[in-house]
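Student: Just a sequence and a predicted model for now, questions to come.
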Amino acid sequence: MLTLALLLAAAAPQADLARWKAEAAHVTITRDDWGIAHVKGRTDADAVFGAIYAQAEDDFNRVERNYLIALGRQAEADGEAAIWDDLRARLYVDEAGLRAAYARSPKNMQALMNAWADGLNYFLATHPEVKPKALTRFEPWMALSFTEGSIGGDIERIDLDQLRAFYGGKPPVIVAAADEGEKEPSGSNGFAIAPALSADGHALLLINPHTSFFFRSELQMTSDEGLNAYGASTWGQFFIYQGFNPHIGWMHTSSGVDVVDEFAETIVRKGDRLFYRYGEQLRPVETRVVTVRYRKPDGSFGARSFTTYRTHHGPIVRGADGKWIAFAMMFKPVEALQQSWLRTKASDYASFLKTAELKANSSNNTIFADDKGEIAYLHPQFVPMRDDRFDYTKSVDGSDPATDWKGLTPLAQVPHVVSPPNGWVMNTNNWPYSAAGENSPRQADFPRYMDTFGENPRGIHATMLLKNRRDFTLPSLLDAAFDSYLPAFARLIPTLVKAYDGLPASDPLKAKLKGQAALLRNWDYRWGIASQPTSLAVFWGEALWKEAKAPAEAEGMSIYDYMADRTTPKQKLKALADASDQLERDFGHWGVAWGEINRFQRLTGDIVQPFDDAKPSIPVPFTSSRWGSLASFGAKAYPGTKRWYGTSGNSFVAVVDFGPRVRARAITAGGESGHPDSPHFNDEAERYTTGNFREVYFWPDQLKGHTERVYRPGE
């Protein structure tokens, strides 16, 4: 006879299905002619249910992947090699802790998390052909594992090789640094223009994140409870990460503020117990056993258990010089999820700032604009107060109480700018001290830990474009976002030409590099599909970057300063000769149009994309942001290819006009769907490469004549 427990277990799925169907009845999804979902719910929770369902329709693979990473469960899908990624995540995240955090969350946030889990589970129930790699059922507390939406996160500062060496008893794997010059700088651009500088007297906003391609879904979420937000939502999250509503817009850029610290702990063993020194005290080291499951090649599962250690500073992540290194970062999952959600419903700067008082944003600057005409630059709100005598870019002595964090910095004491007289604010992952030209915060007024990035070529470029202009429109703001000038080369190329001019006539490089020097001497430092100087300059810049990177870091110098001022004429010319040789080997001549090299290609829905020179691809005119290109395209050659293919840079990009009726134009890399058989898999690719933005259908009347399908989840 079946026990009562078994009967209840058998009945639970049907009860769940009935609840999910009832929720779906309150949701309408309208797909426009770009495949973008416009989700309407009776309540905010209904909108969350519909939005996450729509995301799962478009790319469940990416939804699941993000939660496998966040929950520390990658090894269940990818095998034993992912154990160390999972252990890193599990130093902070565990089921019991997140369940407790869910239980203490405000009721309205619990309702959203419930709807999130229900929407994903309903998708899986109605799409049996979709086979999750590991997450076959989502639970509400899981939403608290992934709350901010950034690409990467503070936790990725924990080195996996060193973590393995400490907890696995194996020496770290030494990764060659030869490819460092090929890595695209992470980051984004955000501009806000005050009404005084716009042709129509409206505030304008540029939203230009630089992420890995296909990292976010584009959608709209509305409800009868006042929600109406449009923009980019990181796969698996239920809030618009960067976008706009009828009154405000917000754009996030990765910040150089130092909010992650390492504390070198002095460990003392007494018998079988471990302590760490703190002032005159010996405090017990906390221990916790973490068990990581992993998939074996035959499909069965194994498990490894680790005893992890923690001090009041944070978990131990490595050893160094006889010390144990504790890692300190923000871990406020409830507040972080609240802040990410509540800002989407703010109506002006004051209400947006109120959400910021939760102080649960550690890694992102914010560029803000609203329909009242206010614009602002905000630094991250989670900034620990520290004793500025210590250099927190290195491990500090954990036994000295003076090194401890001393609470969080009040918002008024972190760099910020609100409606400055110059009429614009910007950030390009550069320091906050040029955010508003001469009206920027002053570096001398803040501790050094408020920024570790300094200025960058994109910041110089943005300032050039924004200052002394008073007639911005949506089209001209787009033109600025795609301005082709490369300020890094404008500085570097003259030093190369000077080195060439200084060569004696008898030097073999004088003849070998004559044509190249002439080409670069007459270049206007602008990228373009047909531009041969762009190709030569980029290959030269990459070669010189690799030469300069290590010594620049050793001296604590900007690599751009080092390349320009400290590399020798011989190094500059050798890098040009090497670049020319590489172009000749790969393309037959050193004079090659940039568009022949730099390509966009999307062949499959795989998270790690394959590339093939024999298959169709599209030329891309813009370059890596490394050289100051505001439109960013991080590309390189792959095994078996000569051409360079992009995987990061411009992704979802939008410009917004905050007139009486907000309007916007946008573009997404490739297309909205992750399914190669969908018409929306790659329908935006050519527009993406040319900057030909489409109109955003924000208002219901804009959808008339542009609607492909209207349905409820499950239909």
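Tutor: In hand now; what should we look at? Keep in mind that this is a model prediction, so the values were computed, not measured. Residues are numbered from 1 along each chain as shown.

Student: Pretty sure Trp590 sits against Lys514.
Tutor: No: judged on CB atoms under 8 Å, Trp590 makes no contact with Lys514 at a distance of 11.4 Å. From N, CA and C alone the C-beta is placed, and that goes for glycine too.

Student: Show me what secondary structure element comes after the lengthiest helix in the chain.
Tutor: The residue-count maximum for a helix in the chain (DSSP state H) belongs to helix 44-71. Where DSSP states H and E defines the elements, the next helix or strand beyond helix 44-71 is helix 75-78.

Student: could you point out which element follows that next one?
Tutor: Once the chain leaves helix 75-78, the next helix or strand it forms, by DSSP H and E, is helix 83-90.

Student: For that following helix, list the C-alpha coordinates in CSV.
Tutor: Taking Å, rounded to 0.1, in the frame of the first residue of the first chain, the C-alpha atoms of helix 83-90 are listed here in CSV:
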residue,chain,number,x,y,z
ILE,A,83,35.0,21.5,-9.0
TRP,A,84,37.2,24.5,-8.2
ASP,A,85,34.8,26.9,-9.7
ASP,A,86,32.1,25.4,-7.5
LEU,A,87,34.1,25.5,-4.4
ARG,A,88,34.8,29.1,-5.0
ALA,A,89,31.1,29.9,-5.2
ARG,A,90,30.3,27.7,-2.2
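
Student: which intervals of this protein have sub-threshold pLDDT?
Tutor: The chain contains residues with pLDDT under 70 at 1-12, 149, 151-152, 169-186.

Student: The nearest residue to Ser212 once chain neighbours are set aside: neighbouring residues, count only.
Tutor: Closest residue in space to Ser212, ignoring its immediate chain neighbours: Ser648 at 4.6 Å, by CB to CB, 6 or more residues apart in numbering. As a burial measure, Ser648 scores 22 neighbours (other CB atoms under 10 Å).

Student: Starting from Val608, give me the distance back to Ser648.
Tutor: Remark: distance between Ser648 and Val608 (CB to CB, to the nearest Å) = 13 Å.

Student: Any idea how far the longest helix of the chain is from the middle of the chain?
Tutor: Taking the mean of its C-alpha atoms, helix 44-71 sits 18 Å from the chain's own mean (CA atoms, centre = their mean, to the nearest Å).

Student: what angle do that helix and helix 83-90 make?
Tutor: Orientation check (axes from the mean of the first three to the mean of the last three CA atoms, to 10 degrees): helix 44-71 against helix 83-90 gives 130 degrees.

Student: which stretches of the stretch 51-200 of the chain form helices?
Tutor: For the stretch 51-200 of the chain, the helices defined by DSSP state H, counting those that start in this stretch cover 75-78, 83-90, 95-103, 107-126, 160-168.

Student: Tell me which of the ones you listed sits most buried.
Tutor: Neighbour counts (mean count of other CB atoms under 10 Å) averaged over each of the helices of the stretch 51-200 of the chain peak at helix 83-90, with a mean of 22.

Student: which helices and strands sit right next to it?
Tutor: Secondary-structure packing of helix 83-90 (3 or more CB pairs under 8 Å, 6 or more residues apart in numbering; DSSP states H and E): helix 44-71, helix 75-78, helix 160-168, strand 286-295, strand 301-311.

Student: looking at those, which is closest to Ala117?
Tutor: For these, the distance to Ala117 is smallest for helix 44-71, at 8.7 Å, taking CB to CB.

Student: Which one of Trp590 and Lys514 is surrounded by more residues?
Tutor: Neighbour count, other CB under 10 Å: between Trp590 and Lys514, Trp590 has more, with 22 against 12.

Student: any idea how far Ala575 is from Gly591?
Tutor: Counting by CB to CB, the gap from Ala575 to Gly591 is 17 Å.

Student: actually Ser300, not the one I typed
Tutor: Taken as CB to CB, the span from Ser300 to Gly591 is 57 Å.

Student: What of Gly319?
Tutor: In terms of CB to CB, Gly319 sits 53 Å off from Gly591.

Student: about what we covered before: could you list every helix and strand in contact with the longest helix of the chain?
Tutor: Applying 3+ CB pairs under 8 Å, 6+ apart, we find helix 44-71 packed against helix 4-24, strand 27-32, strand 37-41, helix 83-90, helix 107-126, strand 216-223, strand 228-234.

Student: now do 10 Å
Tutor: Under the contact definition 3 or more CB pairs under 10 Å, 6 or more residues apart in numbering; DSSP states H and E, helix 44-71 sits against helix 4-24, strand 27-32, strand 37-41, helix 75-78, helix 83-90, helix 107-126, strand 216-223, strand 228-234.

Student: Could I get the ones you listed in JSON lines, plus columns for distance to Glu357?
Tutor: What follows is the helices and strands packed on helix 44-71, written out as JSON lines (distance: least, CB to CB, whole Å):
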{"stretch": "helix 4-24", "distance to Glu357": "32"}
{"stretch": "strand 27-32", "distance to Glu357": "32"}
{"stretch": "strand 37-41", "distance to Glu357": "27"}
{"stretch": "helix 75-78", "distance to Glu357": "38"}
{"stretch": "helix 83-90", "distance to Glu357": "28"}
{"stretch": "helix 107-126", "distance to Glu357": "16"}
{"stretch": "strand 216-223", "distance to Glu357": "24"}
{"stretch": "strand 228-234", "distance to Glu357": "20"}
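
Student: For Phe446, find the nearest of the ones you listed.
Tutor: That would be strand 228-234 among those, by CB to CB, at 29.9 Å.

Student: Which is the succeeding secondary structure element to the closest one?
Tutor: Following strand 228-234 in sequence, per DSSP H and E, is strand 242-244.

Student: Distance to Thr344 for the helices of the stretch 51-200 of the chain - can I get that in JSON lines?
Tutor: Below are the helices of the stretch 51-200 of the chain laid out as JSON lines (distance: least, CB to CB, whole Å):
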{"stretch": "helix 75-78", "distance to Thr344": "31"}
{"stretch": "helix 83-90", "distance to Thr344": "26"}
{"stretch": "helix 95-103", "distance to Thr344": "20"}
{"stretch": "helix 107-126", "distance to Thr344": "11"}
{"stretch": "helix 160-168", "distance to Thr344": "34"}
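
Student: So which of those is nearest Asp58?
Tutor: Nearest to Asp58 among the helices of the stretch 51-200 of the chain is helix 107-126; the distance by CB to CB comes to 10.6 Å.

Student: Which neighbouring elements make contact with that closest one?
Tutor: If you count contacts as 3+ CB pairs under 10 Å, 6+ apart, helix 107-126 packs onto helix 4-24, helix 44-71, helix 95-103, helix 333-342.

Student: give me that answer again for 8 Å
Tutor: Judged by 3+ CB pairs under 8 Å, 6+ apart, helix 107-126 is in contact with helix 4-24, helix 44-71, helix 333-342.

Student: so how far is it off the chain centroid?
Tutor: Computed by CA atoms, centre = their mean, the separation of helix 107-126 from the middle of its chain amounts to 25 Å.

Student: Likewise for stretch 330-347?
Tutor: Here the centre of stretch 330-347 is set off from its chain's centre by 17 Å, with CA atoms, centre = their mean.

Student: Tell me which of the helices and strands packed on helix 83-90 is the most buried.
Tutor: Neighbour counts (mean count of other CB under 10 Å) averaged over each of the helices and strands packed on helix 83-90 peak at helix 44-71, with a mean of 25.

Student: tell me the angle it makes with strand 216-223.
Tutor: Inter-element angle recorded for helix 44-71 and strand 216-223: 150 degrees (by the same axes, to 10 degrees).
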